[in-house]
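Undergrad: Below are the sequence and a predicted model for it; my questions follow.
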Amino acid sequence: MMRFICFLCICFWANIANGAPVDNEWLALGHYRPQIFGGYKSTIDTDNFFLSPKGKISPQDELQATIDLFSNNQNEDKKCLFPARYKYLQQKGYALKSFPKCEKLEEFYADLQPAGVTLLFTDAYMNNPSSLFGHTLLRIDTKRKGTQLLAHGANYGAFTNGKENSALFAILGLTGGYYGGFTVKPYYDVINTYNNLENRDIWELNLDFSPKELDFFVAHLWEIGHVQSRYYFFSRNCSYMLMEMLDAVRPSLKLADDFPVQAIPLDTLKAVYSRQGLVKEIYYRPSRQAKIKYRYNQMSETERAAYIEAIKNQKYEMSNLSEEERSNVLETAYQYVQYQYVAKDLELKDYRKRSFDLLKARSNQNEQGKIKELRSGASPLDTHEAMRATIGTGMKNGQSFQEISYRPAYHSLTDNNYGFLRGAEINFLNTIVRHYDNSNKTVLQELDMVGIKSISPMDEMFKPISYAIDAKIERMMMPDDEDEGYVFKLKVGGGVSYALSDKIWTYAMINNYAVYGGSLARNQYMAVGGMLGVFADFGNWRLLAETEKIWATQKSGSTIRYKIESAYSLSKNTALAAEYLYQQNYGHDVDEFVLSGRFYF
Amino acid sequence: MYKSRIYGKNVTDNFLTEVKLMNKLYLSLFAAGLAAFASDVHAIDSTGCGLGSMAWRGQSGIAPQVLAVTTNASFGTQTFGITFGTSGCDPNGRVTGGTGRMMLAFLENNMEQYAMDAAAGYGETIDTLAGILNMDSAKLGEMSKQNFAVLFPNENIDAVTLTLNVMEMVKQA
């Protein structure tokens, strides 16, 4: 309450101060966000961003302090930290002293040689929990001669010390235990990290900024490069901060307003794309793995045979191939060796020798390879929306029920996979509520806090593991009395996948379960399951079928389950789904069928 | 930190001299660093950024990857992002300096790609280098391919030597 009164006082004081008028541009430039109980607060948390002691909560004070700073001839060092604010005041017609000579700032401009701004999206990386949703960063395009490899990526991220265990990391990441800030690095470094080390595709959205806006952006990036903010994994994260950055340049965009609670990278990308006249062009930069696969798919049978010989047995003669074919094979094999080294499948010594031998052979071919490079992919902009609600009706052991569910994020295997990393599933806080008609009972059927699944087929070149992690609360039927009770179930599983065709994948997994619940005898059991599954994806129609035998430390947990889930997309954001579950449990079986409509928004 | 000393203001921009000087500095710093900061050797060992430069920037194995801290995070402990970036081989995290310095930094970080493009005679890194050297890209590609064996005499080539080789090649053109 005290604080509330305090706010009122400040507002009141600000209004009678008769100072310079605070406008939207100033608010965006200071990263001020409206607060629930009125007033403003800046997202920036370090003191060095504010010239006024009350700057964090008073845009008015901060504006006055900024005018004061630039109206006298002192504090030149301080002035050098705020070039965008100076430009802002200048635009507004304030009488200011001239901007000082700032050596470091000039070096910054000289290195960047800015020509434009591009929003970058890197797709999901299933081997890192914090990259499951993808990542966004900005690129300051360069006007240097050559290519955009010499441009710079500007990345907003948390400063971690890299030594925390994953649990502590998660807690600190969720609760604002880290500070976030901007770093810049050459774009070639960004490409190496995402395309080559982590095998993630990069999407580049060129933004249509005027020269003046570009200049303002770079000046503001410099301002923001010296400060930090508390980093919250879901809300004040890498992607959210970029929204505030773009708003600062063009306040009419109001991008940050779209993300009051959670900022999923993909959603921020769509928000940017939705703003009229903001995105100019879109480019796709495939991961190394995607490039290799694309090249391999274009090879003839003889080329493939020679390629396998090259990567398995280091035979590079290929006397039966033409020069052109040899170029195709050698270049692909070289890229594969790079992949292998990063994947730690090769020792440095072997890696160097193989790389060198392959290129020596390639440099002796005078004909260029005719294999086409991968230039387009399924755009993340065309994916279904991340929030999902379903409404359905079903039958469980003869009892009919109605069911609704809500999932804030993100994607299931039976949702439309277009534009998503194929085989990757992340369900976050999926909640199902069910109403049984006969007993007129409404129950929380399931709360799936987090469910992650990565089905990734192995082939001759790539040997990824498939895995599943799931933590949920669910209603479970106790076989002894057929009563239902809530249990908390943790599942961790791993296995392998094999593709029968492009569209049909099979997989086998070993799952480990830990289950706790008041209705269970001794309140808990552990279990191990062996699962076989099929995942079929025909675009608009998907099917997931799994069968699992579970051995548990308790009778109630031991079971055989068969589950089939299928969905058909009526449009990008609507689908019909059918699920069938049969669970065998000492004669007390569960037989359940649900038909539902899925809506994405 | 150690490398930034190399980039002192007194280094002339005449690129050949610059790179040769840096070569020496690398060696002396390497020796000094080896003695004083054994664990930081990779930061000043130029070969650490050549073929196989990914080595110390990459992750080790699948388990650490799963548990790895965020790639959205920067691993540096610096408080000032932009002035002191955390890029692999570039001490200030930016594309900077004269032709020689820029070329070295570029080749340190893109040696694998350049080796490929040089063997083929064209590619993105050739276009980039041609930009840095202010020359025709097709010409540089052709030269790189013809001189592949000179540019890359063996598999243990490091970025400094490669940079010198490229400059020598371009000079003779």
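TA: Arrived safely.
Undergrad: which intervals of chain B have sub-threshold pLDDT?
TA: B:1-92 (pLDDT under 70).
Undergrad: repeat that with 50
TA: B:1-22, B:24-91 (pLDDT under 50).
Undergrad: do the host helix or strand of residue A:107 and chain B meet at all?
TA: Assigned by DSSP states H and E, residue A:107 belongs to helix A:103-112. Yes - using Cβ under 8 Å from any Cβ of the partner chain, helix A:103-112 reaches chain B at A:104, A:107-108, A:110-112. Yep, even glycine has a C-beta here, placed from its N, CA and C like the rest.
Undergrad: In ChimeraX, select just the buried ones from those residues.
TA: Filtering these down to the buried ones (16 or more other Cβ atoms under 10 Å in any protein chain shown) takes a single ChimeraX command:
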select /A:108,111,112
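Undergrad: Now the residue of chain B found nearest chain A. Nearest residue, chain neighbours left out?
TA: For chain B and chain A, the shortest gap (Cβ to the nearest Cβ) falls at residue B:131, measuring 2.0 Å. Residue nearest to residue B:131 in three dimensions, not counting chain neighbours: residue A:146, with 2.0 Å by Cβ to Cβ, 6 or more residues apart in numbering or on different chains.
Undergrad: Which strands or helices does the longest helix seen in chain A pack on?
TA: What stands out as the longest helix in chain A, according to DSSP state H, is helix A:323-342. With contacts taken as 3 or more Cβ pairs under 8 Å, 6 or more residues apart in numbering or on different chains; DSSP states H and E, helix A:323-342 sits against helix A:288-298, helix A:301-313, helix A:348-363, helix B:99-120.
Undergrad: buried ones in it?
TA: Quick answer for helix A:323-342 (16+ other Cβ under 10 Å): A:324-342.
Undergrad: mind listing what's buried in the helix or strand hosting residue A:85?
TA: Residue A:85 is located in helix A:83-91, with elements delineated by DSSP H and E. Buried residues in helix A:83-91, defined by neighbour count with 16+ other Cβ under 10 Å: A:83-89.
Undergrad: Repeat that for stretch A:208-227.
TA: A:209, A:213-227.
Undergrad: For burial, what's the neighbour tally of the residue in chain A positioned nearest to chain B?
TA: For chain A and chain B, the shortest gap (Cβ to the nearest Cβ) falls at residue A:146, measuring 2.0 Å. The number of residues packed near residue A:146 is 22, by other Cβ atoms under 10 Å in any protein chain shown.
Undergrad: If you count residues, where's the longest strand of chain A?
TA: strand A:484-499 (DSSP state E).
Undergrad: Give the pairing partners of the next helix or strand after that strand; include direction for each.
TA: Tracing the chain C-terminally past strand A:484-499 and defining elements by DSSP H and E, one meets strand A:504-516 next. The strands that strand A:504-516 pairs with in its sheet are strand A:484-499 (antiparallel), strand A:524-537 (antiparallel) (by DSSP bridges).
Undergrad: my read: the residue of chain A closest to chain B touches residue B:125, true?
TA: No - at 9.4 Å, residue A:146 does not count as touching residue B:125 under the criterion of Cβ atoms under 8 Å.
Undergrad: residues touching the nearest residue to residue A:410 once chain neighbours are set aside, list them.
TA: Spatial nearest neighbour of residue A:410, excluding adjacent residues (Cβ to Cβ, 6+ apart): residue A:426 at 4.5 Å. Applying Cβ atoms under 8 Å, 6 or more residues apart in numbering or on different chains, we find residue A:426 in contact with A:124, A:132-133, A:409-411, A:450-452.
Undergrad: Apply 6 Å and report the result again.
TA: A:132, A:410-411, A:452 (Cβ atoms under 6 Å, 6 or more residues apart in numbering or on different chains).
Undergrad: so is residue A:389 in a helix, a strand, or just coil?
TA: strand (DSSP: H, G, I helix; E, B strand; the rest coil).
Undergrad: residues near it, how many?
TA: Going by other Cβ under 10 Å, the residues that sit close to residue A:389 add up to 14.
Undergrad: Quick one: neighbours of residue B:136, just the number.
TA: Look at residue B:136: counted by other Cβ under 10 Å, it has 12 neighbours.
Undergrad: same check, this time on the one 5 residues further on
TA: Neighbourhood size, residue B:141 [other Cβ under 10 Å]: 21.
Undergrad: ok and the host helix or strand of it relative to helix A:348-363, angle-wise?
TA: Assigned by DSSP H and E, residue B:141 belongs to helix B:137-146. Orientation check (axes from the mean of the first three to the mean of the last three Cα atoms, to 10 degrees): helix B:137-146 against helix A:348-363 gives 110 degrees.
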